[in-house]
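Colleague: sequence first, predicted model second:
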Amino acid sequence: MTLALVGCGKMGGALLRGWLARGGHEVFDVLEPGDLPSFAIDPRVNHFKTATDFVEKARPEALFLAVKPQVMDPACEALRAAVAPQTLIVSIAAGRTIESFQRIFGVDQPVIRAMPNTPAAIGKGMTVAVASGGVSEEQKAWVGAWLGVTGRLEWVADEALMDAVTAVSGSGPAYVFALIETLAQAGESVGLDPVLSMILARQTIIGAAALAESDPGTPAESLRRNVTSPGGTTEAALEVLLDETAALPDLMIRTVAAAVARGQALGQKA
């Protein structure tokens, strides 16, 4: 299948970087009004700066849409002439439903809606995707291979779950970064130098994540228990952090619920 990418910002750029690193002889048509990042200066990349030029020359079998949700409608309208009835539309825009693309391109247009997260930029991303009824298993496998270059990919059958996916993995990296911030601040509160406290907080999260990745068969609960000696300092800390009357368990539930609610609201506006 011939492939085109619309938008080469953080997410689109992460995809393109992975595609180019994957190797092969594919040629990628990229629509991006600005300059492409240096890694994309490659003979396999055709760079279009205007939708008019793209529509005149590109006829992709799969069109990956990586523009911001608020400009998605005008971008799609401008690209309609380049989209055939069988062209596979792949969106990575938060809150944009499959139906919102079929309103523009046609009710039978095959559409895949995907939600990656920012670690995709370094090949450690988590992407979840859902396909419309018109997408074949062959198309899913093909798109899965291209989305998978940025990390792990999982599929869901029910599009209604995508708001929950966005709340957990799409927004999740921000929660981890907030944890780094607050852990460093807590270190300062007990006398650590701010620079040292931030180093400790960052490297602790990095190391814990790497340990979880290296041992995927061990539940997170077991990993936590492995750090927790009976009667030790970690146990004392966790009695505060995970106590039913403390903030974290309820706070995380409310955090994810707030993200789900916003995603649903964005979907209704699309």
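Modeller: Nice, I can see it.

Colleague: show me the domain layout of the protein.
Modeller: Residue ranges for the domains of the chain, per automatic domain parsing: 3-162, 172-267.

Colleague: span of the first one from start to end?
Modeller: Spelled out, it's domain 3-162. Using CA to CA, to the nearest Å, one end of domain 3-162 lies 24 Å from the other.

Colleague: distance between it and the chain's centre?
Modeller: 12 Å (CA atoms, centre = their mean, to the nearest Å).

Colleague: what about that domain, average pLDDT?
Modeller: For domain 3-162, mean pLDDT is 93.

Colleague: distance of Glu239 relative to Ala186?
Modeller: Here Glu239 is placed at a distance of 16 Å from Ala186 (CB to CB, to the nearest Å). All C-beta spots, glycine's among them, are computed from the backbone N, C-alpha and C.

Colleague: more neighbours, these two?
Modeller: Ala186 (13 against 10; other CB atoms under 10 Å).

Colleague: next, the contact list for the more buried one, please.
Modeller: The contact partners of Ala186, taken as CB atoms under 8 Å, 6 or more residues apart in numbering, number zero.

Colleague: let's go with 10 Å and repeat that
Modeller: By CB atoms under 10 Å, 6 or more residues apart in numbering, the residues touching Ala186 are 192, 197, 201, 237.

Colleague: hmm, who's touching the helix or strand where the second one lies?
Modeller: Ser197 belongs to helix 194-214 when assigned by DSSP states H and E. Applying CB under 10 Å, 6+ apart, the set of residues contacting helix 194-214 from outside is 119, 124, 176-177, 179-193, 218-220, 223-224, 226-227.

Colleague: go again with 8 Å.
Modeller: 176, 179-181, 183-185, 187-188, 192, 220, 223.

Colleague: pLDDT of stretch 209-227, averaged?
Modeller: 95.

Colleague: ends of it, what's the gap?
Modeller: 14 Å.

Colleague: quick one: buried residues of that stretch?
Modeller: For stretch 209-227, the neighbour count (16 or more other CB atoms under 10 Å) marks no residue as buried.

Colleague: for the stretch 1-150 of the chain, what spans make up the strands?
Modeller: For the stretch 1-150 of the chain, strands defined by DSSP state E, counting those that start in this stretch occupy the ranges 3-6, 28-31, 45-48, 62-65, 88-91, 111-115, 125-131.

Colleague: kindly reformat those strands as a markdown table containing distance to Thr233 and mean neighbour count.
Modeller: As requested, these are exported to a markdown table (distance: least, CB to CB, whole Å; neighbours: other CB atoms under 10 Å):
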| stretch | distance to Thr233 | mean neighbour count |
| --- | --- | --- |
| strand 3-6 | 49 | 24 |
| strand 28-31 | 52 | 23 |
| strand 45-48 | 53 | 18 |
| strand 62-65 | 48 | 24 |
| strand 88-91 | 47 | 26 |
| strand 111-115 | 38 | 26 |
| strand 125-131 | 32 | 23 |
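
Colleague: ok, back up a step: just the buried residues out of the contacts of helix 194-214, in ChimeraX syntax.
Modeller: Buried residues among those (16+ other CB under 10 Å), as a ChimeraX selection:
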select :180,183,184,187,192
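
Colleague: picking up where we left off before, with distance to Gln139 as extra columns, can I get the strands of the stretch 1-150 of the chain in JSON lines?
Modeller: What follows is these, written out as JSON lines (distance: least, CB to CB, whole Å):
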{"stretch": "strand 3-6", "distance to Gln139": "12"}
{"stretch": "strand 28-31", "distance to Gln139": "18"}
{"stretch": "strand 45-48", "distance to Gln139": "22"}
{"stretch": "strand 62-65", "distance to Gln139": "8"}
{"stretch": "strand 88-91", "distance to Gln139": "6"}
{"stretch": "strand 111-115", "distance to Gln139": "8"}
{"stretch": "strand 125-131", "distance to Gln139": "8"}
